[in-house]
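S.K.: Fold the stuff below for me.
(one chain, ligands or ions: 1)
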Amino acid sequence: YLLKDGFNIESFSPNLYPDSDSKKLREKMSAYYGCKADNIIVGNGSSEIINTVINAYCEKDDKVMTFVPSFSMYQTYCDLCSAKFVGIQSEKDFSQNIDKLISEANKQKPKVVILCTPNNPTGYVTKREDVVKLLDSVRNSLVILDEAYADFSESSVLDLINEYENLIVMRTMSKAFGLAGLRIGCLIANEKTVKYIWKVKIPYNINILTQYAAEMALENSDRVRDYISNVKELREDLTNELEKLNFLIYPSGANFLFVKSPIDNLYEKLMERGALIRKFNYQEVYYRITVGTSEENMILLDEIKKLMGGIYEN
Ligand code: PMP
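M.R.: Next up, the predicted model:
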């Protein structure tokens, strides 16, 4: 719906290569993210960007350090270039002790430190003062802030890219813009870092249709802001309702909730009823529930109430 009137396929020339620099798109992105177009490299999803950056910086056996649990693909990209993935355990409540990460980084001297905030799958938001402390303490490592879900929280360190030469922020249009199928993400960093990574950027990585559609979506970004505030409200409602049903909810700055359920095998039981959530096994079982539309959330809550039986049934 971001694309309003859609577009006419005939007005494109599929025989021609797309603009390899995604110039127009980067200009529109720079307005949205509050930086210069020269601070941006666009990727085929931020997945491509993470892979490119890890591969550009890491040689065999270089270390990449991040908190665990976090986005599982970081490990895969490390494996692809034989870098060593070093996971720093989060606290019991899935908060992250930045001093622990800093002290390990000072000992182990990783080439790259990745901080995913809000974190997937726990929703934990790293405090800005903690990010700054990290940036001040690990000057010799590249620090990647994966802000895939930052549109749903108030925190971002995009404004620090010119202050810290070793900072790369990654964003995506897959979440808040709802354009996961178009594959569009980006990195935002100071111009020196951008020039360095540009050398290994895959040419023509964003096809013509995606470039055009993403430009249109950015032109309609007021709708994204409405969507974001709606998700935040629904996130709060869903939290309250699940808490009433004795779920344990971890504070989330993303468009999902990370929970412990009072019902065993919740994933399997909801799946049978046509509702899909994610299951995680970290010594104990946890679930990640995406905040849906108010209708979807109501269906989910109804199904959970039915599973609980008796007292909750209307
Ligand atoms: N980072 C995080 C934390 C994610 O959860 C995801 C997608 N699940 C990505 C990056 C990649 O997103 P995309 O490639 O669609 O931009």
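S.K.: And the residue in the stretch 1-150 of the chain that the ligand sits nearest to, its phi and psi?
M.R.: Using Cβ to the nearest ligand atom, G45 is the residue of the stretch 1-150 of the chain that sits closest to the ligand, at 2.7 Å. All C-beta atoms are positioned from the backbone trio N, CA, C, and that covers glycine. G45 has phi and psi values of phi 80, psi 160 when expressed as degrees, to the nearest 10.
S.K.: That one against I184, yeah?
M.R.: Yes. Contact between G45 and I184 holds when scored by Cβ atoms under 8 Å: they sit 6.7 Å apart.
S.K.: what do the two both touch?
M.R.: 172, 174 (Cβ atoms under 8 Å, 6 or more residues apart in numbering).
S.K.: Looking at those two, which one has more neighbours?
M.R.: Neighbours around G45 and I184, counted as other Cβ atoms under 10 Å, are more numerous at I184. The numbers are 28 against 22.
S.K.: From the ligand, how far out is the more buried one?
M.R.: With distances taken as Cβ to the nearest ligand atom, to the nearest Å, I184 is found 7 Å from the ligand.
S.K.: residues in contact with that residue?
M.R.: The neighbourhood of I184, defined by Cβ under 8 Å, 6+ apart, consists of 42-45, 172-174, 206, 210, 214.
S.K.: Now with 7 Å, please.
M.R.: Contacts of I184 were listed using Cβ atoms under 7 Å, 6 or more residues apart in numbering, and they are 42, 45, 173, 206, 210, 214.
S.K.: Now the element after the helix or strand harbouring the first one, going C-ward?
M.R.: Spelled out, it's V42. Under the assignment given by DSSP states H and E, the secondary-structure element containing V42 is strand 40-43. Once strand 40-43 ends, the next helix or strand along the chain (criterion: DSSP H and E) is helix 45-57.
S.K.: would you list every one of the helices in the chain?
M.R.: Remark: helices assigned in the chain by DSSP state H are 23-33, 45-57, 73-80, 98-108, 128-137, 191-198, 208-219, 221-244, 266-272, 294-308.
S.K.: Quick check: the residue of the stretch 201-314 of the chain found nearest the ligand vs L158, distance?
M.R.: Minimum separation of the stretch 201-314 of the chain from the ligand (Cβ to the nearest ligand atom) falls at A254, amounting to 8.6 Å. Distance check for A254 against L158: by Cβ to Cβ, to the nearest Å, it reads 17 Å.
S.K.: Looking at the two, which has the bigger crowd around it?
M.R.: Summary of the neighbour comparison: A254 and L158, criterion other Cβ under 10 Å, with A254 having more neighbours (28 against 17).
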